[in-house]
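>>> I would like the atomic coordinates for the input below:
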Amino acid sequence: MSELKDRLKNDLTTAIKARDTVRTGTLRMVLAAISTEEAAGSSQRSLDDDEIIKLLTREAKKRKEAAEAFDKGGRAEQAAAERAESEVISEYLPAQLSDEELAQLISAAIAETGAEGPRAMGQVMKAVNPRIAGRAEGSRVAAEVKRQLA
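Below you'll find the predicted structure:
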């Protein structure tokens, strides 16, 4: 079993004992999503830490989008609950890259690939995505690549 999954299970036990309802509910939801992902497909498999990080990133993004939708709908209480869940999930994600670090990684990828102009965006994205791996949101990366190639 992966270290991250073990950590999630241990933290769930701690949250239950501490009667932390937000953390307990969020961790149960995350572990259920991991189990569902492991059971998906033709055979049972175990997710490694990288796959779990991708899943956590996806779940955090869902919470942020839901919070925005609740805000637009005038449902501040539900928006706050979604944000609280997102914060709990974010604790298990790698630290996000700063704008400077992101710009440096993208500059290096552009120099490495020899890309020029906006048409080479896909080539640069393919080179830079493995290096970023969950440490920056895709839209942020794409915007920076576009800016540097323009």
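>>> For the residue nearest to Ala81 when sequence neighbours are not counted, what are phi and psi?
Closest residue in space to Ala81, ignoring its immediate chain neighbours: Val22 at 7.6 Å, by C-beta to C-beta, 6 or more residues apart in numbering. (C-beta placed from N, C-alpha, C; glycine too.) In terms of degrees, to the nearest 10, the main-chain angles of Val22 are phi -60, psi -50.
>>> which residues does Val22 contact?
81, 84-85, 88 (C-beta atoms under 8 Å, 6 or more residues apart in numbering).
>>> change it to 10 Å
The contact partners of Val22, by C-beta atoms under 10 Å, 6 or more residues apart in numbering, come to 15, 81, 84-85, 87-88.
>>> In helices only, show me these.
Among the contacts of Val22, the members found in helices (DSSP state H) are 15, 81, 84-85, 87-88.
>>> At the geometric centre of this structure, which residue do we find?
By C-alpha atoms, centre = their mean, the chain has its centre lying nearest to Thr57, at 1.7 Å.
>>> which parts of the helix or strand containing it are buried?
Under the criterion of DSSP states H and E, Thr57 resides in helix 49-72. For helix 49-72, burial by neighbour count (16 or more other C-beta atoms under 10 Å) applies to 51-53, 55-57, 59-60, 63-64, 66-67, 70.
>>> Please apply the same query to stretch 126-144.
So, applying 16+ other C-beta under 10 Å, buried residues of stretch 126-144: 127-128, 132, 134-137, 141, 144.
>>> Just confirm Glu65 contacts Arg83, I think it does.
No: between Glu65 and Arg83 there is no contact under C-beta atoms under 10 Å: 11.4 Å.
>>> which among the ones in helices among the contacts of Val22 end up buried?
15, 81, 85, 88.
>>> dump the residue contacts of His104.
Let me fix one detail, which is that residue 104 is Gln and not His. Gln104 neighbours (C-beta under 10 Å, 6+ apart): 97-98.
>>> How about the secondary structure of it?
For Gln104, the assignment made with DSSP: H, G, I helix; E, B strand; the rest coil gives helix.
>>> one step back: and the contacts of Val22, which is closest to Met29?
Glu85 (7.6 Å; C-beta to C-beta).
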